[in-house]
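Asks: take a look and give me a structure for this.
(chains A, B, C and D)
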Number of protein chains: 2
Amino acid sequence: MTVSKTAEKTAEKSAEKPADAAKGRKDASEPQAEALQLGELSEQLGYVLKRAQLKVFENFLRCMASLQLTPAQFSVLLLVEKNPGRNQTEIASTLGILRPNFVAMLDNLESRDLCARIRSTNDRRSHILVLTDKGKAVLARAKKLVATKHEARLNDLLGQANREALIEMLAKIANEF
Amino acid sequence: MTVSKTAEKTAEKSAEKPADAAKGRKDASEPQAEALQLGELSEQLGYVLKRAQLKVFENFLRCMASLQLTPAQFSVLLLVEKNPGRNQTEIASTLGILRPNFVAMLDNLESRDLCARIRSTNDRRSHILVLTDKGKAVLARAKKLVATKHEARLNDLLGQANREALIEMLAKIANEF
DNA sequence: GATAATTGTTATGGACCATACCAAATATCG
DNA sequence: CGATATTTGGTATGGTCCATAACAATTATC
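Replies: Sure thing, here's the model as predicted:
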């Protein structure tokens, strides 16, 4: 997933046979044949979007290494904190997670004592989700890490105004595309 | 992966027991308890980025349904066209695809007669990649579809200037984050 | 009260990604 | 030159994420 800093393994030998293999090549201008042309690719929305997303997730994981939280887990904790008393279906579907896939995720968070399933008394089918005390504490630390080490990089890179414009445009795409 | 248009399966019954279950509830103001609060989630770069990326890929696949090209396949064809005479390792690594995973991808494109592997005479280990005539034709049609049905939507949604600014910012993130 | 719908869950398969390993071909260097 | 290391395409394999079908328990519907 590196790539952008490519050119370190493309080597220097191929794609030339005539009018060049007989010259007195020795020192300068040796390692050409490098650096592929991205061409129209760098203008493709999907391409640059995916690339940016991978980089951002990668950085997120590094920032959260001490708390061992993935972006998806972080979003679950955030949503449960903001919406206490909701069941699994509501939280999962809001995040675009299918209920079957949400089970293992919750098993993980619950085993780490970050959140808990509580049988609802209204509807004994559903499990109400809440954050444990530890979950609240971990989420608080996670927020600080994200704000200072992760989101702050966007400001350093784009500036406050551009950062907000970017988020807004992405949200528009996510909602109206 | 839908979500944004949620609220159609969250139902209308939970999270209320006192001071409401005895009223004369009948018509108006019935289905509350809807619409979870996204909260800080909508400001999270990674969250909105991933959401936007999924939407864009989804739309890309719809636009390319007639040609049966995924975003990854399209990027391979674009790169091979722009850089003829390169081998698998070079094309794959430029796209962030690991060589082992690139094999099946090429098998697919080659079986559809869109591109071909040619044993290099310089280095008989490597396979030079080229587009077939059919591959060039399909790519040409794909470009038109992407331009008119896919990228055009960005202009309709954000406007030309914002579209360019967005691509530029995403590229910056992909390269410097 | 019979039937339909919902909730959490399991099982399962596909797509994508990453690592280890291999044979053939080439590069490197004593 | 020849022994060793490196590179290339490939296979095998496992992990993660995503999607569908099916099921028991519970609740809604009529």
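Asks: for chain A, which spans come out with low pLDDT?
Replies: Residues of chain A that meet the criterion pLDDT under 70 lie in A:1-33.
Asks: ok, now with 80
Replies: A:1-34 (pLDDT under 80).
Asks: for chain A, which segments count as helices?
Replies: Secondary structure of chain A, counting by DSSP state H: helices at A:45-63, A:71-82, A:88-94, A:99-111, A:133-145, A:152-158, A:160-176.
Asks: B:Val130 versus A:Ala104, what's the distance?
Replies: Counting by C-beta to C-beta, to the nearest Å, the separation of A:Ala104 from B:Val130 is 44 Å. (C-beta placed from N, C-alpha, C; glycine too.)
Asks: more crowded one of those two?
Replies: For A:Ala104 versus B:Val130, neighbours defined as other C-beta atoms under 10 Å in any protein chain shown are more numerous around B:Val130 (16 against 9).
Asks: quick one, what contacts the more buried one?
Replies: The neighbourhood of B:Val130, defined by C-beta atoms under 8 Å, 6 or more residues apart in numbering or on different chains, consists of B:80, B:84-85, B:115-116, B:118.
Asks: could I have the buried ones of these as PyMOL selection syntax?
Replies: Entered in PyMOL, the line below selects the buried ones among those, by 16 or more other C-beta atoms under 10 Å in any protein chain shown:
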select buried, chain B and resi 80+115+116
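Asks: which one of the contacts of B:Val130 is nearest B:Leu54?
Replies: When the contacts of B:Val130 are compared for distance to B:Leu54 (C-beta to C-beta), B:Val80 comes out closest, at 26.4 Å.
Asks: what residues are up against that closest one?
Replies: The contact partners of B:Val80, by C-beta under 8 Å, 6+ apart, come to B:86, B:91, B:115, B:129-131, B:135.
Asks: buried only: go through those residues for me.
Replies: Applying a neighbour-count criterion of 16+ other C-beta under 10 Å, the buried members of those are B:86, B:91, B:115, B:129-131, B:135.
Asks: can you list those residues in TSV and add distance to A:Ala52?
Replies: Written out in TSV, the entries for the buried ones among the contacts of B:Val80 read as follows (distance: C-beta to C-beta, whole Å):
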residue	distance to A:Ala52
B:Arg86	25
B:Ile91	21
B:Cys115	27
B:Leu129	26
B:Val130	30
B:Leu131	28
B:Gly135	28
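Asks: out of the contacts of B:Val80, list just those in strands.
Replies: Of the positions in the contacts of B:Val80, B:115, B:129-131 sit in strands, assigned by DSSP state E.
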